[in-house]
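Undergrad: I need the structure of the sequence given here:
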Amino acid sequence: MSFDKTKAMRNAEKYVAQGKIRAAIAEYQSVVAYDPRDITTMNMLGDLHAKTSDRRQAVDCYLKVAEHYATQGFAQKAIAIYNKVARLQPDSIEVSNKLAELYKVKGSLSEARSHYETLAKHYESTGKRIEALAMWKQIALLDPNNTEVCLSLAESYLKEGQSEEAAEAFAEAGSRFSRHSAHEEAIRAYLRSLEIQGDSLRTLDGLIHSYSAIGKAPKAVEYLEKILEKEPYNRDILYLLIDCHIDSGNAAGAERAVLKLVEIEPANYPKLLDLVRIYLNTNDLDSAARILSMSSEYLLAAGQGEDCERWINEILERDPSHVPALRLLVRYCSWIKDEEAFRVSLERLAVSARAANEVDDERSALAQLVIVRPFETQFSERLAELRELHGFTDEPVDAELLRAGFDLPKKAVEQVAVEEPAAIAVEACMVEPQDAMAVEVGPAAEGPDARPAAVDELKLQKDLESINFYIENEYSELAAKAIEELESEFGRGRR
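TA: Modelled structure (predicted):
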């Protein structure tokens with residue numbers, strides 16, 4: 001004969017109403033035996049057992065119900081049932097543990113902490129120190145503002161020989177002190193941690209931060225450099241050392257560390273750019289250009305040419321005549337194969353190098369200009385002048401390589417005579433920059449000194465741009481010489 005659950009439930013309810021608890025229990029037991037998943041009936045059965053003071057049976061029912069709710073993710077319902085168990089068994093470690101976990105999941109940290117403390121004290125009283133430490137650790141995690149519990153926990157771990165856990169607890173204490181700007185206390189906690197576990201990057205990073213926060217960056221540097229004496233190729237320590245130097249504005253120290261890092265692994269070249277920024281912040285343009293020169297090839301090879309150009313321009317914005325930066329600009333323009341920009345950058349370098357008496361840079365720029373601007377004789381004449389003054393016998397650039405880079409012809413294109421040659425008229429070298437462009441093509445000068453020449457409008461425009469540049473930068477001697485060359489070649493025109 002099949003079991004009639006509905007009839008059994010009605011009978012149980014009738015017995016409860018009549019006060020016949022034992023009879024009701026029997027009916028409910030038959031129901032849960034038939035359907036163990038009927039959690040509601042299991043809970044009612046537990047309540048009836050509790051009324052009859054049958055605590056063991058009540059607890060068994062409640063535990064099944066609570067476990068079901070906990071498994072299904074109903075933390076609040078599970079807590080309610082476990083609290084029923086706690087009233088019947090107030091000293092139950094199992095229930096306290098379940099309640100602590102459920103309250104933590106629910107976010108009721110105060111209640112969770114209370115149960116963890118109960119567990120910790122119980123384990124301590126029974127000599128289970130390791131278990132007690134596990135509970136104190138949970139308490140520490142629940143209260144991020146309680147630093148003392150971390151220190152106490154760390155000391156307890158040390159006594160138990162759990163060095164790794166002790167180091168972690170001291171580091172956590174240091175982190176909490178640091179968050180509250182108690183950096184002296186943080187440093188002491190971090191150092192205790194590092195005495196136990198000296199290779200923890202998290203702890204080292206925290207220590208450096210706290211040293212820097214109270215103006216003791218040199219102490220952090222000293223600590224890191226002692227590690228590097230033993231581990232000179234430790235990239236992680238070098239990174240920390242670089243950041244420490246950068247935070248304290250010690251450009252020289254940062255440079256030494258960065259160069260060591262790049263030597264170990266060239267892919268770390270972006271750290272060089274941090275140095276460029278430091279030097280720019282102190283307006284040390286020479287050092288900024290020097291470091292940028294080290295990293296420029298990496299930038300170009302990595303397809304970061306625009307970044308390279310941006311750094312170069314930032315230096316030149318502060319000093320348009322800065323020779324090392326102009327040297328870099330020439331390299332960049334060559335790399336992007338922009339012949340016009342390359343020519344302009346070479347002219348700027350030649351002018352600025354001459355003004356700064358940087359003979360090698362001027363000579364190199366002029367030698368390249370002779371190749372890319374063969375019609376402009378002032379470059380070859382100045383180059384010859386330098387050769388005579390300094391006794392140079394070698395060639396400063398590889399002409400064939402340069403021509404190949406820009407697809408230049410091997411020989412200058414011969415000028416073609418025309419019936420009415422042109423002339424350029426520029427009255428004086430000290431004209432206003434805008435006036436240098438105010439010239440027009442006029443009839444050639446007559447007489448024995450006049451010589452015909454083909455007018456190349458593009459060439460004229462570039463020549464005038466060069467004169468403009470000389471005038472704008474107050475290089476009157478070069479401007480005058482360039483004007484003389486034009487007059488000699490084309491004759492004197494008119495405005």
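
Undergrad: in the host helix or strand of V16, which residues are buried?
TA: In the assignment (DSSP states H and E), V16 maps to helix 5-17. Residues A8, M9, N11, A12, Y15, V16 are the ones in helix 5-17 that count as buried (16 or more other CB atoms under 10 Å). From N, CA and C alone the C-beta is placed, and that goes for glycine too.

Undergrad: contact partners for Y28?
TA: Taking CB atoms under 8 Å, 6 or more residues apart in numbering, we find Y28 in contact with A8, A12, T41, M44, L45, L48.

Undergrad: what bits of the stretch 151-300 of the chain have low per-residue confidence?
TA: When residues are selected by pLDDT under 70, none of them lie in the stretch 151-300 of the chain.

Undergrad: quick one, helices of it?
TA: 163-179, 183-196, 201-213, 217-230, 235-248, 251-264, 270-281, 285-301 (DSSP state H, counting those that start in this stretch).

Undergrad: want to throw those helices into TSV with distance to I25 and mean neighbour count?
TA: TSV is the format used below for those (distance: least, CB to CB, whole Å; neighbours: other CB atoms under 10 Å):
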stretch	distance to I25	mean neighbour count
helix 163-179	49	22
helix 183-196	59	21
helix 201-213	58	21
helix 217-230	71	16
helix 235-248	67	21
helix 251-264	77	19
helix 270-281	76	19
helix 285-301	82	19
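
Undergrad: export those to a markdown table and tack on distance to I139?
TA: Shown next, in a markdown table, are the helices of the stretch 151-300 of the chain (distance: least, CB to CB, whole Å):
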| stretch | distance to I139 |
| --- | --- |
| helix 163-179 | 12 |
| helix 183-196 | 18 |
| helix 201-213 | 22 |
| helix 217-230 | 32 |
| helix 235-248 | 32 |
| helix 251-264 | 41 |
| helix 270-281 | 42 |
| helix 285-301 | 50 |
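
Undergrad: who wins for proximity to K337 among those helices?
TA: Taking CB to CB, helix 285-301 is the member of those nearest to K337, at 12.1 Å.

Undergrad: the closest one to helix 251-264, inter-axis angle?
TA: Counting by axes from the mean of the first three to the mean of the last three CA atoms, to 10 degrees, helix 285-301 lies at 20 degrees to helix 251-264.

Undergrad: and helix 285-301, what does it pack onto?
TA: helix 251-264, helix 270-281, helix 305-318, helix 323-335 (3 or more CB pairs under 8 Å, 6 or more residues apart in numbering; DSSP states H and E).

Undergrad: okay if I get the ones you listed as JSON lines plus distance to S364?
TA: Below are the helices and strands packed on helix 285-301 laid out as JSON lines (distance: least, CB to CB, whole Å):
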{"stretch": "helix 251-264", "distance to S364": "26"}
{"stretch": "helix 270-281", "distance to S364": "24"}
{"stretch": "helix 305-318", "distance to S364": "17"}
{"stretch": "helix 323-335", "distance to S364": "8"}
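
Undergrad: could you export the helix holding V16 as CSV, CA atoms only?
TA: Output of helix 5-17 as CSV, limited to C-alpha atoms (Å, rounded to 0.1, in the frame of the first residue of the first chain):
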residue,chain,number,x,y,z
LYS,A,5,1.9,12.0,2.5
THR,A,6,-1.1,14.4,2.6
LYS,A,7,-3.0,12.2,5.1
ALA,A,8,0.1,12.0,7.3
MET,A,9,0.5,15.7,7.3
ARG,A,10,-3.2,16.3,8.3
ASN,A,11,-2.9,13.7,11.1
ALA,A,12,0.3,15.4,12.4
GLU,A,13,-1.3,18.9,12.4
LYS,A,14,-4.4,17.4,14.2
TYR,A,15,-2.1,15.9,16.9
VAL,A,16,-0.3,19.1,17.3
ALA,A,17,-3.6,21.0,17.8
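
Undergrad: other residues contacting that helix?
TA: Outside helix 5-17, the residues touching it (CB under 8 Å, 6+ apart) are I21, A23, A24, E27, Y28, S30, V31, Y34, D35, T41, L48.

Undergrad: what's the farthest-apart pair in the residues you listed?
TA: I21 and D35 (21.3 Å).

Undergrad: got the domain ranges for the chain?
TA: 1-90, 418-495 (automatic domain parsing).

Undergrad: and these, which one averages the lowest pLDDT?
TA: Lowest mean pLDDT within the domains of the chain: domain 418-495, a mean of 49.

Undergrad: which helices and strands sit right next to the helix or strand hosting L366?
TA: Per DSSP H and E, L366 falls inside helix 359-372. Helix 359-372 makes packing contacts with helix 323-335, helix 339-355, helix 377-390, helix 399-406 when contacts are defined by 3+ CB pairs under 8 Å, 6+ apart.

Undergrad: redo those as CSV? Include mean neighbour count, distance to E317 and mean pLDDT.
TA: As requested, the helices and strands packed on helix 359-372 are exported to CSV (neighbours: other CB atoms under 10 Å; distance: least, CB to CB, whole Å; pLDDT from 0 to 100):
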stretch, mean neighbour count, distance to E317, mean pLDDT
helix 323-335, 22, 10, 94
helix 339-355, 21, 14, 94
helix 377-390, 15, 27, 91
helix 399-406, 13, 27, 80
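
Undergrad: make TSV out of the ones you listed and add distance to V85.
TA: Listed next are the helices and strands packed on helix 359-372 as TSV, based on distance: least, CB to CB, whole Å:
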stretch	distance to V85
helix 323-335	77
helix 339-355	83
helix 377-390	98
helix 399-406	85
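
Undergrad: pull the number of nearby residues for the closest residue in space to A132 that isn't next to it in sequence.
TA: Leaving aside its chain neighbours, A132 sits nearest to Y123 (3.8 Å; criterion: CB to CB, 6 or more residues apart in numbering). With neighbours defined by other CB atoms under 10 Å, the count for Y123 comes to 19.
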